[in-house]
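Participant: Below are the sequence and a predicted model for it; my questions follow.
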Amino acid sequence: MSYIAVIGAGSWGTTLACLLNEKGYDVSLWVYEKDLAEEIKKTRVNSLYLPGHILNDNILVTDDLKKAVNKALYIVNAVPSQHVRRVFGNAISYLREEAVIISVSKGIEKGSLLTISSILREMTGQRIAVLSGPSFAKEVIKKLPAAVTLATEDKKLALLLQEMFNTSYFRVYTHNDILGVELGGALKNVMAIAAGISDGLGLGYNARAALITRGLSEMKRLGKAMGAKEETFTGLSGLGDLVLTCTAPLSRNYTLGYELGKGRRLEEVVYQTKGVIEGVDTAESAYELSKRYNIQMPIVEQVYNVIYKGKSPFEAVGDLMNRTLKTEFDD
């Protein structure tokens, strides 16, 4: 049986470790926090990120990277996007030459503006795949139906990984547009903050629908400029994930936006949130990418202004609504 290492014990990493273990794979779960790792070993519960669910005894829980990855043929990257370079920099020397990395992180690195697969490919030289789509961990762990996209350029690898992750409640589709899948998963978090702000301000369903639709347009625009396939953004990793995170309080990004719309301070909300709110860092990266590629992304720009420039959410909405009139679709 294939040995699988899940790197990162947030809610999603822990959920995938449980899913894969229940399918009969030998699984290790690397936990960054030493005290949390010890707690999970003793109680078999990740009380910080996935309370209420018991991990099987045969899932190896460890805070030792070497112990986690040195046997693994498949490595699931569930590390927050801004920490991937550091964590895998420490893990490189322990990786098997034939190991495959499947990234489930959703973000864009600040500074370099690289997607996670680009970072991992550049650092490790391993074969890379990306798994993304509308999939809240709290629902998947309860075995509620979900469907996601697995992207890799290797067709044989795609079929192998599709079978590896697919279950009766977790349906996996394959695709070959890694960049598009990653951009969809990252940019939707910025749009979710915008949707949350709109709802926090009490602007209604019409406003939220407009944000989702125009947000998708911005995602497509940047994706096209960067070389991704436009069709990808109408799929599960684009539109599917966008709708989910823009409409559900389970989304940390939506919840952040909602609280900002209610007048709460960014630092206060971030401090009280368990888990990383990826859209905060991605808002800056997406804004910088829009400048690099000379792409208009007005929603991204306003979210960036609210988070990084202290602009009031109400003023940001006003500026969006009073932009110069234009046609709906780009020529």
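Facilitator: That came through, no problem. Residues are numbered from 1 along each chain as shown.
Participant: Which residue ranges of this protein form strands?
Facilitator: Using DSSP state E, the strands found in the chain span residues 3-7, 26-30, 45-46, 50-54, 60-62, 74-77, 100-103, 127-132, 146-151, 170-175.
Participant: Quick check, Leu201 in contact with Val317.
Facilitator: Yes: contact criterion Cβ atoms under 8 Å: Leu201 and Val317 qualify, at 6.7 Å. C-beta: built from backbone N, CA, C; applies to glycine.
Participant: Now do the lowest-mean-pLDDT helix or strand in the chain: which elements does it pack against?
Facilitator: Lowest by mean pLDDT, DSSP states H and E among the helices and strands of the chain is helix 266-272, with a mean of 92. With contacts taken as 3 or more Cβ pairs under 8 Å, 6 or more residues apart in numbering; DSSP states H and E, helix 266-272 sits against helix 252-261.
Participant: quick one: average pLDDT of the helix it packs on?
Facilitator: Averaging pLDDT along helix 252-261 yields 96.
Participant: try stretch 108-118
Facilitator: 97.
Participant: what about it, how long is it end to end?
Facilitator: End-to-end distance of stretch 108-118 (Cα to Cα, to the nearest Å): 10 Å.
Participant: Which residues does it contact?
Facilitator: 77, 81-82, 84-85, 103, 105, 107, 119, 122, 128, 130, 178-179, 182-183, 186, 281-282, 284-286, 288-289, 292 (Cβ atoms under 8 Å, 6 or more residues apart in numbering).
Participant: Roughly how far does Pro134 sit from Leu159?
Facilitator: For Pro134, the distance to Leu159 (Cβ to Cβ, to the nearest Å) stands at 22 Å.
Participant: Who has more neighbours out of the two?
Facilitator: For Pro134 versus Leu159, neighbours defined as other Cβ atoms under 10 Å are more numerous around Pro134 (21 against 13).
Participant: and the gap between the more buried one and Met123?
Facilitator: 29 Å.
Participant: next one: Gly180
Facilitator: 22 Å.
Participant: Make a markdown table out of the strands of the chain and add mean neighbour count and mean pLDDT.
Facilitator: A markdown table is the format used below for the strands of the chain (neighbours: other Cβ atoms under 10 Å; pLDDT from 0 to 100):
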| stretch | mean neighbour count | mean pLDDT |
| --- | --- | --- |
| strand 3-7 | 26 | 97 |
| strand 26-30 | 25 | 97 |
| strand 45-46 | 21 | 98 |
| strand 50-54 | 14 | 96 |
| strand 60-62 | 21 | 97 |
| strand 74-77 | 25 | 98 |
| strand 100-103 | 26 | 98 |
| strand 127-132 | 25 | 98 |
| strand 146-151 | 22 | 98 |
| strand 170-175 | 18 | 98 |
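Participant: Just put those in TSV and tack on distance to Cys18.
Facilitator: Below are the strands of the chain laid out as TSV (distance: least, Cβ to Cβ, whole Å):
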stretch	distance to Cys18
strand 3-7	9
strand 26-30	8
strand 45-46	10
strand 50-54	7
strand 60-62	12
strand 74-77	12
strand 100-103	16
strand 127-132	15
strand 146-151	14
strand 170-175	11
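Participant: Counting only helices, which of the contacts of stretch 108-118 make the cut?
Facilitator: Residues of the contacts of stretch 108-118 located in helices (DSSP state H): 84-85, 119, 122, 178-179, 182-183, 186, 281-282, 284-286, 288-289, 292.
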